[in-house]
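K.L.:
Here's my sequence, what's the structure:
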Amino acid sequence: MHTAKHLRPLAPRQAEALTHRARGLSNRETAQAMRCSVTNVTNLLAECFYKLHARNSTDAVAKAVKHGLIQLALIASIISGIGADAQEQLRTRIQRRPSVRTIRIRNNREGIA
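P.N.:
Residues are numbered from 1 along each chain as shown. Next up, the predicted model:
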């Protein structure tokens, strides 16, 4: 198990992407909100997973909130400020089974024996 001292801080854009994921946004929706490409969002989230030693988005959000890297109060205020229809959509999206993605990591030539 990794402790807080082993977690690397998130860059501002990484924290922003993870906050959007915590709100229930897809990569496409996050890309629109952040005005960048879906590939960029995917890479930002992959870096979050790596830095937080997380297996998936849920794990990454939980660890980021626990260690103060993103603010749960901000997420809660955003969700409470939206209408009932949007809240239902978020509940439905959160209940969906997450997709499995493979992240390719470049080999570190110095680390290869």
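K.L.:
Could you count how many residues lie near residue 28?
P.N.:
Residue 28 has 11 neighbouring residues, counting by other CB atoms under 10 Å. Heads up, the C-betas are built off the backbone N, CA and C, glycines and all.
K.L.:
Output the contacting helices and strands for the strand or helix carrying it.
P.N.:
Here residue 28, judged by DSSP states H and E, is contained in helix 27-34. Using 3 or more CB pairs under 8 Å, 6 or more residues apart in numbering; DSSP states H and E as the contact test, the elements touching helix 27-34 are helix 12-22, helix 38-52.
K.L.:
Let's have those in a markdown table, adding mean neighbour count and mean pLDDT.
P.N.:
Shown next, in a markdown table, are the helices and strands packed on helix 27-34 (neighbours: other CB atoms under 10 Å; pLDDT from 0 to 100):
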| stretch | mean neighbour count | mean pLDDT |
| --- | --- | --- |
| helix 12-22 | 21 | 93 |
| helix 38-52 | 19 | 96 |
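K.L.:
Check the average confidence over the helix holding residue 28, would you?
P.N.:
For helix 27-34, mean pLDDT rounds to 95.
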